[in-house]
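Asker: Provided below are the primary sequence and the corresponding predicted coordinates.
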Amino acid sequence: MTVALMWEARAVPGRGEELLAWARAQELPREPLRRETLRAPQDRVLVLTWWDAPYDAELPELPEPDGELVTRAVHRWRFESVAVG
């Protein structure tokens, strides 16, 4: 089974590039099948990782950035792959 973890944070206005650099620099204790980093308006950064693991497996996740870098707590979601197309 493939599981995807989604990590999303919103930077303090004007600090989006700093949050993006911070997220890209974070190393996980083991490598996922795939990792993708995206950005969006309003200084948002999204990191998706894919794992060959059961849905409820313990998987490494990016930490919370420094509270002065983000406007709110990080949002995290877990998804189960149902189709590739």
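Answerer: Looks like it came in fine.
Asker: can you give me the strands for this protein?
Answerer: Taking DSSP state E as the criterion, the chain contains strands spanning 2-10, 34-40, 44-52, 75-80.
Asker: would you turn those into CSV with mean pLDDT and distance to residue 23?
Answerer: Where you see a C-beta, it was placed from the backbone N, CA and C, and this is true even at glycine. As requested, the strands of the chain are arranged in CSV below (pLDDT from 0 to 100; distance: least, CB to CB, whole Å):
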stretch, mean pLDDT, distance to residue 23
strand 2-10, 97, 7
strand 34-40, 97, 6
strand 44-52, 97, 5
strand 75-80, 96, 13
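Asker: I'd like those laid out as TSV, including mean neighbour count.
Answerer: Conversion of these to TSV gives the following (neighbours: other CB atoms under 10 Å):
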stretch	mean neighbour count
strand 2-10	19
strand 34-40	13
strand 44-52	19
strand 75-80	12
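Asker: quick one: which of the ones you listed is nearest residue 67?
Answerer: The closest of the strands of the chain to residue 67 is strand 2-10. By CB to CB, the value is 11.0 Å.
Asker: Give me the residues contacting the closest one.
Answerer: Strand 2-10 is contacted by residues 19, 23, 32-33, 42-55, 57, 59, 61-62, 65, 70-72, 74-81 when judged by CB atoms under 8 Å, 6 or more residues apart in numbering.
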